[in-house]
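> return atomic coordinates for the entry below.
(2 chains)
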Amino acid sequence: MGWVWKSLNSSIGKKLVMAVTGVALMLFLIIHLAGNLSLYGGSKAFNGYVGLLEMIKPLIRVIEVILALVFIFHIINGVRLWIENKIARPQGYTINGSRKNTDVFSRTAFITGSIVFIFLILHLQTIWYKFNYSGTELDLYTITTEWFTHWWYSLLYLIAIVLLGFHLNHGFQSAFQTFGWNSKKYFPLIEKLGTIYAIIMTLGFGSIPIYLYFFGGK
Amino acid sequence: MEHKKLNLTLKVWRQHGPKTPGCFVTYPIAVSPDTSFLEMLDEINNELEKKGKEPIAFESDCREGICGTCGLVINGQPHGPIPRIATCQLHMRNFKDGDTIYIEPFRAKAFPIIKDLIVDRSPMDRIMEAGGFISVNTGSVPDGNAIPIAKEIASEAMDAASCIGCGACVAACKNASAMLFVSAKVSQFALLPQGKPERYQRVEAMVKVMDEYGFGSCSNTYACEAECPKGVSVKNIARMNREYFMSKIKG
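Numbering: from 1, shown residues only, chains lettered A, B, ... in the order given. Modelled structure (predicted):
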């Protein structure tokens, strides 16, 4: 199986790792958002949803491990590519022409990804870790809505979600390009779908901190 | 009709050799709008030589946009601000009186600077040697239409083959990736029946050499297509990825 490892370390292989893990994470986000929307139903609806997940806890733990691995591969591979790509151009240009030949979503994929990563740590620490391991007696609805009463926490969330939207708008079409699924017939459609997906994710996740901050989720 | 001359300030990258540090040198110039970019550099060099100074080293050959020899980064853009042309086809009428123009060499680890604005692009030749050909026994010329090829396929192959190997894609890419160049070469053969027998060996060999020279990895920003003087499409990169995956799957 040495050829697999070797192939995944080629320039095209590293793209493939980025794309496959990216698609997995995009699918996860859809499920995550669907679950989160139950916050709009209030304490009962959300805690009911959490209760459902608690019932299949062992399965959830397995999924969490897989998800963690996918995240780690996506992040490590992304950082590695970024470092290698910096090395590929030791001296940059005095005048940066990238605004004229790239769009902001693709150009900033590493930066938006890095900020989303920092957000991810905060997100896991304040909600996932607190609920599962801090020994708290509080239910997840109370923990979540309590955080969003802080304006800075809600704002931080909102900013991270918008940047995630940027990241996704690049990632969606980029994954298809990497898989080799690019033809003039359907690629414009893929780009549109990617933008629609990114907008839905941004509005979906982004509306929650706004709603909880202003209406307290009552 | 006599045009008013443009007064420009040029900031040109001067570097004596591969190992010596370089810097920008300022050259004020009054130039006719009808002058081409390279003719303007010729004018500066004439003046420099008259004064017994070292002329600016830059590359050019055909000066009609088909050989791929010239290539400068002008205000941050390979081949300058006008799309779909090589540096030699850029005319000074595209600039405004009073403009400051930064002229830099292509910058990539795989393209070390030889002198001033000249870089060593021979890694692209090494990539071609690895697989940018078809192996046929020589003999009499085959009949032109002996192998039928659909017009659409022939056109696509021709579009890929229009790559002049100038290296602007590498220069434009924020990762200094050579994917557009290599994918154009892989595609022009992979599309045609004559290239198909060796398609998988070809893509593996060319990608291997590309990686060895330290070109960056593609992150799908598509700066390459935007700056390519021939408008070679990034769909070729998608095709190269397919070729590469198929090669791995089929062994």
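> count the residues that sit near residue 195.
In the absence of a named chain, this looks at chain A. By other C-beta atoms under 10 Å in any protein chain shown, 16 other residues sit near residue A:195. (Glycine included, C-beta is placed from N, CA and C.)
> oops, wrong one, chain B.
Here the count is done by other C-beta under 10 Å, and residue B:195 has 17 residues near it.
> check contacts around it.
Each residue near residue B:195 by C-beta atoms under 8 Å, 6 or more residues apart in numbering or on different chains is listed here: B:134, B:188, B:189, B:202.
> quick check on the residues you listed: which are buried?
Among the contacts of residue B:195, the ones that count as buried by 16 or more other C-beta atoms under 10 Å in any protein chain shown are B:188, B:189, B:202.
> min pLDDT across the contacts of residue B:195, which one?
Across the contacts of residue B:195, the smallest pLDDT goes to residue B:134, namely 94.
> report the contact partners of the spatially closest residue to residue B:135 that is not a sequence neighbour.
Closest residue in space to residue B:135, ignoring its immediate chain neighbours: residue B:198 at 6.5 Å, by C-beta to C-beta, 6 or more residues apart in numbering or on different chains. Residue B:198 makes contacts with B:131, B:134, B:135, B:189, as judged by C-beta under 8 Å, 6+ apart.
> among those, which one lies nearest to chain A?
residue B:131 (14.4 Å; C-beta to the nearest C-beta).
> now the closest one, what are its backbone angles?
Here is the backbone geometry of residue B:131 (degrees, to the nearest 10): phi -170, psi 0.
> same check on the one 3 residues further on?
In terms of degrees, to the nearest 10, the main-chain angles of residue B:134 are phi -120, psi 140.
> close enough to count as contact, it and residue B:189?
Yes: counting by C-beta atoms under 8 Å, residue B:134 does reach residue B:189; the two are 6.3 Å apart.
> so where is the chain shaky, pLDDT-wise?
By default, I'm working from chain A. A:217-218 (pLDDT under 70).
> meant chain B actually
Chain B contains residues with pLDDT under 70 at B:1-2.
> which one of the contacts of residue B:195 is nearest residue A:25?
Closest to residue A:25 out of the contacts of residue B:195 is residue B:202 (33.6 Å), distances taken as C-beta to C-beta.
> got the contact list for the residue in chain A positioned nearest to chain B?
Closest contact between chain A and chain B, by C-beta to the nearest C-beta, is at residue A:97 (2.7 Å). By C-beta under 8 Å, 6+ apart, the contact list for residue A:97 reads B:73, B:75, B:76, B:77, B:172.
> filter those residues down to the ones in strands?
B:73, B:77 (DSSP state E).
> which of the contacts of residue A:97 sits closest to chain A?
Nearest member of the contacts of residue A:97 to chain A, counting by C-beta to the nearest C-beta, is residue B:76, at 2.7 Å.
> can I see the domain layout of chain B?
Following automatic domain parsing, chain B resolves into domains at B:6-104, B:122-250.
> how long is the shortest one end to end?
Across domain B:6-104, the straight-line distance between its terminal residues is 21 Å, by C-alpha to C-alpha, to the nearest Å.
> chain center to it: distance?
Its chain's C-alpha centre lies 16 Å from the corresponding centre of domain B:6-104 when counted by C-alpha atoms, centre = their mean, to the nearest Å.
> and if you look at stretch A:153-163?
Centroid displacement of stretch A:153-163 relative to its chain, using C-alpha atoms, centre = their mean, is 12 Å.
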